[in-house]
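**Student:** Give me the fold of what follows.
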Amino acid sequence: MPGMTTYMRSVLFFLAFAGLMAPSFGAVLLSDDFNRANGLVTNEYAYWNPTDPTAVRSSIWNLDSGSLFIQDGAGWTGVPNDIGPDAQSSNGNNSAIFRLNTIAGDFEDVAVSFQLLNQGLSTTPSTPAVDWDGIHIWLRYQTEYQLYYCSINRRDNNVVIKKKVPGGPSNGGTYYELSPYTPFAVPYGQWQNVTATVKNNANGSVTFSLYEDNVLLVAATDDGSIAGPPLRGPGKVGIRGDNANLKFKNFQVASLDGSVFVPPPLPLNPNHPNPQKGPAPLAVIQGLDVTPVMSIDATIQAKTQNASSLQWKITANGPAVKPSPGARTLNVVTANGSSVISTLLPLLPLQQLALQPGSYRLEVTARNADGVPSAPFRVDLTLVPADSTAVRVFPNPWRADRHGFAQQINFDRLIPDSTVNIFTLSGHKVKTLVASTNAVVWDLTNDAVDRVGSGVYIYSISSGEGKPIRGKLAVVR
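**Tutor:** Numbering: from 1, shown residues only. Got it, this is the predicted structure:
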């Protein structure tokens, strides 16, 4: 390089040899900086509907699963879901499994580099959490059954290099580890410079390296001793994401030769109070400590990074949410049948809200020190009474001399769609009631619509969640 001293050349040679800096790059073969207008780039609909004129296509990219958008000068998966998209991805994106490939397939000895922002991992009903959720860089993608990939930002905080060959349980193939699993803590909410390389060797083997911010994370060589001969021919490159909310920019494929490549510096935010320090790291919701069925007085904890505050939105899949007047410390605001709650700590004490048993959707958003919101994290859960005393049965006993004006016994604070069965003490079924909301009324008749006589009856309340709630009631005529 012009102007480089012998000492500098020696230092660069040593660093490259030791694997402590990014590899040498040559000619740029493909690049996409994503610096264009916000909107859809392409999606799986375009791939699977090649003759539809309404489909959105790219001259660079193919997606056979998911949707690729541009947002603020970066490629983006969208907030992942498992909804198959229409032509415009207006109804969903299916980016919970995001499979992005270049259309060009002639990449052999290359380095793939880009800037990556992992905004968090999530789950969907069809894509539960697994260790390999994260980002995988495809190299020599020859078919969906023959490829290499370098995994980074995995849910299990490891990096690894793998090879896929035809035949097996993973979409018609089997993955084999070429490298050991190497610990790597995922820097959620921070931009990273990522580089993966693949190179044929004179002895017939193929070597791979994975770098983050110019530091070697893991390397491997396929010498043919694992799962058959190395894949030495050219192929496509790309990115796969699993349950990952990703942004990426300055994507580049370059040949490997002797000129040293240094990824471009990450941009600073000129509007930040301390521009020289750059923007605060983005906040990320990594998960919620919840189960599908929870007690109505439980406390929910969020797992976060870089969060200064959280906003919780609770929407009932049934009766409207009613915030408690005593919940002043939670800054409750009611809007459109939902409660919006702000907290400084990543904790939501449900006992401070006047929620009825039932089914709810919880949406959580975190904000960093600059007030920038994270991608929302959503879960569905069912809240059940903390104990059987939460269910009310009244009046009990029902007495004709006091309650004859209303021939009924009320059951409330139920889980919607609960079933109430009423029996005699001898076990004979008298009546079955189904609660479409969180309350139901027994009109003191049996299933034949005959009035029941005086006596003690057993009720059993089943919701499909947890054990039935049982008790006694009395009718006095």
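
**Student:** burial of the nearest residue to residue 343 once chain neighbours are set aside, as a residue count?
**Tutor:** Of all residues not flanking residue 343 in the chain, residue 310 sits nearest, at 5.3 Å (C-beta to C-beta, 6 or more residues apart in numbering). Heads up, the C-betas are built off the backbone N, CA and C, glycines and all. The local packing of residue 310 (other C-beta atoms under 10 Å) involves 23 other residues.

**Student:** Residue 310: what's it in contact with?
**Tutor:** Counting by C-beta atoms under 8 Å, 6 or more residues apart in numbering, residue 310 touches 302, 304, 342, 343, 344, 345, 346, 364, 365, 366, 367.

**Student:** Can I get the buried ones among these as something I can paste into ChimeraX?
**Tutor:** Here is the ChimeraX command that selects the buried residues among those (16 or more other C-beta atoms under 10 Å):
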select :302,304,343,346,364,365,366,367
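
**Student:** mind putting the contacts of residue 310 in a markdown table, distance to residue 406, pLDDT and secondary structure included?
**Tutor:** Listed next are the contacts of residue 310 as a markdown table, based on distance: C-beta to C-beta, whole Å; pLDDT from 0 to 100; DSSP: H, G, I helix; E, B strand; the rest coil:
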| residue | distance to residue 406 | pLDDT | secondary structure |
| --- | --- | --- | --- |
| 302 | 46 | 84 | strand |
| 304 | 51 | 83 | strand |
| 342 | 43 | 73 | strand |
| 343 | 43 | 73 | strand |
| 344 | 48 | 70 | coil |
| 345 | 47 | 72 | coil |
| 346 | 47 | 79 | coil |
| 364 | 43 | 86 | strand |
| 365 | 46 | 85 | strand |
| 366 | 50 | 84 | strand |
| 367 | 51 | 82 | strand |
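
**Student:** Pick out the residue nearest the middle of the chain.
**Tutor:** residue 122 (1.5 Å; C-alpha atoms, centre = their mean).

**Student:** For the residue lying closest to it once chain neighbours are set aside, give me its contacts.
**Tutor:** Distance criterion C-beta to C-beta, 6+ apart; nearest residue to residue 122, sequence neighbours excluded, is residue 243 at 5.4 Å. Neighbour list for residue 243: 80, 96, 121, 122, 123, 124, 127, 129, 130, 133, 155 [criterion: C-beta under 8 Å, 6+ apart].

**Student:** My guess is the residue nearest to the centre of the chain contacts residue 377. True?
**Tutor:** Yes - at 6.1 Å, residue 122 and residue 377 qualify as touching, with contact defined as C-beta atoms under 8 Å.

**Student:** Can you give me the distance of the closest residue to residue 89 other than its chain neighbours to residue 409?
**Tutor:** Closest residue to residue 89 apart from its sequence neighbours, by C-beta to C-beta, 6+ apart: residue 67 at 4.1 Å. Using C-beta to C-beta, to the nearest Å, residue 67 is found at 53 Å from residue 409.

**Student:** who has more neighbours, those two?
**Tutor:** Per other C-beta under 10 Å, whichever of residue 67 and residue 409 has more neighbours is residue 67, with 28 against 23.

**Student:** Please determine how far that one is located from residue 133.
**Tutor:** Counting by C-beta to C-beta - residue 67 and residue 133 are separated by 18 Å.

**Student:** what does residue 40 give?
**Tutor:** 24 Å.

**Student:** any chance you could map the strands in the stretch 101-250 of the chain?
**Tutor:** For the stretch 101-250 of the chain, the strands defined by DSSP state E, counting those that start in this stretch cover 110-121, 134-143, 146-152, 158-170, 173-177, 182-183, 191-200, 206-212, 215-222, 236-242, 244-255.

**Student:** Those: which one's closest to residue 453?
**Tutor:** Among the strands of the stretch 101-250 of the chain, the nearest to residue 453 by C-beta to C-beta is strand 110-121 (60.3 Å).

**Student:** Which neighbouring elements make contact with that closest one?
**Tutor:** strand 134-143, strand 191-200, strand 236-242, strand 244-255, strand 284-288 (3 or more C-beta pairs under 8 Å, 6 or more residues apart in numbering; DSSP states H and E).

**Student:** let's see 7 Å
**Tutor:** For strand 110-121, the packing partners by 3 or more C-beta pairs under 7 Å, 6 or more residues apart in numbering; DSSP states H and E come out as strand 134-143, strand 191-200, strand 244-255, strand 284-288.

**Student:** any idea of the mean pLDDT for the longest one?
**Tutor:** If I follow you right, that is strand 244-255. For strand 244-255, the mean per-residue pLDDT is 94.

**Student:** One more: the first one?
**Tutor:** The pLDDT scores in strand 134-143 average 95.

**Student:** That one: which residues count as buried?
**Tutor:** For strand 134-143, by 16+ other C-beta under 10 Å, it's 134, 135, 136, 137, 138, 139, 140, 141.

**Student:** hmm, which two among those residues are most spread apart?
**Tutor:** 134 and 140 (20.2 Å).

**Student:** What ranges in the stretch 51-200 of the chain fall below the confidence cut-off?
**Tutor:** Scanning the stretch 51-200 of the chain for pLDDT under 70 picks out no residues.

**Student:** Residue 360 against residue 381, yeah?
**Tutor:** Yes - between residue 360 and residue 381 a contact is recorded at 5.9 Å, counting by C-beta atoms under 7 Å.

**Student:** Wait, residue 394 touches residue 408, no?
**Tutor:** No - counting by C-beta under 7 Å, residue 394 does not reach residue 408; the two are 10.0 Å apart.

**Student:** returning to what we had before: can you list the contacts of residue 310 in TSV and add distance to residue 183?
**Tutor:** Formatted as TSV, the contacts of residue 310 follow (distance: C-beta to C-beta, whole Å):
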residue	distance to residue 183
302	24
304	21
342	36
343	32
344	32
345	29
346	25
364	28
365	30
366	25
367	30
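
**Student:** Got phi/psi on the residue nearest to the centre of the chain?
**Tutor:** Backbone torsions for residue 122, taken as degrees, to the nearest 10, come to phi -140, psi -170.

**Student:** And it, how far from residue 172?
**Tutor:** Distance from residue 122 to residue 172, by C-beta to C-beta: 26 Å.

**Student:** No further queries at this time; thank you.
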